[in-house]
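Peer 1: please work out how this folds:
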Amino acid sequence: MINLSFIKLKGKVVDNYLDSLKGFRNKDVNWYDLHKVLGDSKIQFSPYKFRNGCKTGVNCIRDKQDMIVLDIDDGFTIPKFQKMFSKYKYILGTTKSHQKEKKGVVTDRYRVIIPAINIPDDDEIYFRTVELLFPFSDKQVLTKTAAFLGNDEAIVIKNDGKKLDMFKVSELATQQIKQERLEKEAKKIDSDLFSNSSFSFDMVKEQITKEVVVDILGSIGIEVIGNKCRLREERTPSAKIYESGYIKDYGGEFSGDIFALLMELEDMSFGQSVKYTRNFI
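Peer 2: Residues are numbered from 1 along each chain as shown. Prediction:
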């Protein structure tokens, strides 16, 4: 079963926002009946639920989302998709502009419904995960109002396989977002932190090497043997320090730069971690 929101439209509606704004209903659809959704131009469907049946960002509910919908129309061919996702369960349906001239280009254009597990609850992490997994999909899928029209003449292709597990990629998305937030904070504090110095955060970051990280770790009581150290109680060191200064604990959860490590182990703020690191450069 696939849980989706859908609206039955009156007449042939194409990209009409007002006509498809209200009237969405939530329904569990049998996997083997999904071709009816993809093959009906009077149905607009979404992977999300909407409060009061109104398709707006504030009304979007993702707590029971169990699938991803892709919209592909930029040269990523159907055979290429089939090869890449051959191990996964999906149903694919071509759109009304499939293999027709659009903006001077004739190419495969289609939608795909993919059942998934470990879908992130956090919206920012979810959309980043989708972007990492499916960079070839239209950016509409990265919005909370994403909804898609069926096509009366759709060519439907089904593939049996396992459900897509989003867990590992969502971890990467989380790390990316965390790092971006740190860098954004760094830019905000640059003027105060280095007001009387020729240093900037970027200059400090550029000068971080493995040797600098080793010195900092030693200063907080962490012994480094070769390129490894212990960040927690364990018999054999499993945290590796790379030449760039990046740290990855292969037996635990931590991965990041020295600023993130100081914030986690020493309870420093981001600004404090930058100041502390500057002392070793």
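Peer 1: what packs against the lowest-mean-pLDDT helix or strand in the chain?
Peer 2: Taking mean pLDDT, DSSP states H and E as the measure, the chain has helix 167-193 as its least confident helix or strand, at a mean of 81. Helices and strands touching helix 167-193, by 3 or more Cβ pairs under 8 Å, 6 or more residues apart in numbering; DSSP states H and E, are helix 123-133, helix 201-206, strand 255-256, helix 258-265, helix 270-278. No exception for glycine: its C-beta is placed from N, CA and C like everyone else's.
Peer 1: give me the buried positions along the helix or strand that the second one is followed by.
Peer 2: This points to helix 201-206. Downstream of helix 201-206, the next assigned helix or strand under DSSP states H and E is helix 210-219. For helix 210-219, a neighbour-count test (16 or more other Cβ atoms under 10 Å) marks K210, V212, V213, V214, I216, L217 as buried.
Peer 1: how about L133: what's its closest non-neighbour residue?
Peer 2: Nearest-residue entry for L133: V169, 5.5 Å, with adjacent residues in sequence omitted and distances by Cβ to Cβ, 6 or more residues apart in numbering.
Peer 1: isn't the one you found up against E131?
Peer 2: No - with contact defined as Cβ atoms under 8 Å, V169 does not reach E131; the gap is 9.8 Å.
Peer 1: out of the two, which sits in the more crowded spot?
Peer 2: Shown here are V169 and E131; by other Cβ atoms under 10 Å, V169 has more neighbours (19 against 16).
Peer 1: separation between the more buried one and T129?
Peer 2: Separation of V169 from T129 (Cβ to Cβ, to the nearest Å): 5 Å.
Peer 1: same check, this time on S255
Peer 2: As judged by Cβ to Cβ, S255 and T129 stand 17 Å apart.
Peer 1: same check on S219?
Peer 2: Distance, S219 to T129, using Cβ to Cβ: 36 Å.
Peer 1: contacts only, for I241.
Peer 2: Each residue near I241 by Cβ atoms under 8 Å, 6 or more residues apart in numbering is listed here: K210, V213, V214, L217, V224, N227, K228, C229, I247.
Peer 1: adding distance to V37 and pLDDT, write the residues you listed out as a markdown table.
Peer 2: What follows is those, written out as a markdown table (distance: Cβ to Cβ, whole Å; pLDDT from 0 to 100):
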| residue | distance to V37 | pLDDT |
| --- | --- | --- |
| K210 | 54 | 94 |
| V213 | 53 | 95 |
| V214 | 57 | 94 |
| L217 | 55 | 93 |
| V224 | 57 | 92 |
| N227 | 53 | 92 |
| K228 | 53 | 93 |
| C229 | 53 | 93 |
| I247 | 47 | 94 |
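Peer 1: pick the one among those closest to K49.
Peer 2: Closest approach to K49 among those (Cβ to Cβ): I247, at 40.5 Å.
Peer 1: ok, now which ones touch that closest one?
Peer 2: Neighbours of I247 in contact, by Cβ under 8 Å, 6+ apart: V213, L231, A239, K240, I241, F254, S255, G256, D257, I258, L261.
Peer 1: which single one of these is nearest to E124?
Peer 2: Closest to E124, out of all of these and judged by Cβ to Cβ, is G256, at 17.9 Å.
Peer 1: what pairs with the nearest residue to that closest one once chain neighbours are set aside across the strands?
Peer 2: Using Cβ to Cβ, 6+ apart and skipping residues adjacent in sequence, the residue nearest G256 is I247, 6.5 Å away. Note on I247: beta-bridge partners I241, G256, judged by DSSP bridges.
Peer 1: where does the closest residue in space to A239 that isn't next to it in sequence land on pLDDT?
Peer 2: Spatial nearest neighbour of A239, excluding adjacent residues (Cβ to Cβ, 6+ apart): D249 at 4.1 Å. With respect to pLDDT, D249 scores 93.
Peer 1: and stretch 79-90, how far out from the chain's middle?
Peer 2: Relative to its chain's centre, stretch 79-90 lies at 19 Å (Cα atoms, centre = their mean, to the nearest Å).
Peer 1: so for stretch 140-151, what gets flagged as buried?
Peer 2: Buried residues in stretch 140-151 (16+ other Cβ under 10 Å): V141, K144, T145, A146, A147, F148, L149, G150, N151.
Peer 1: got CSV for the buried residues of helix 210-219, with distance to R62 too?
Peer 2: Formatted as CSV, the buried residues of helix 210-219 follow (distance: Cβ to Cβ, whole Å):
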residue, distance to R62
K210, 41
V212, 42
V213, 39
V214, 43
I216, 40
L217, 40
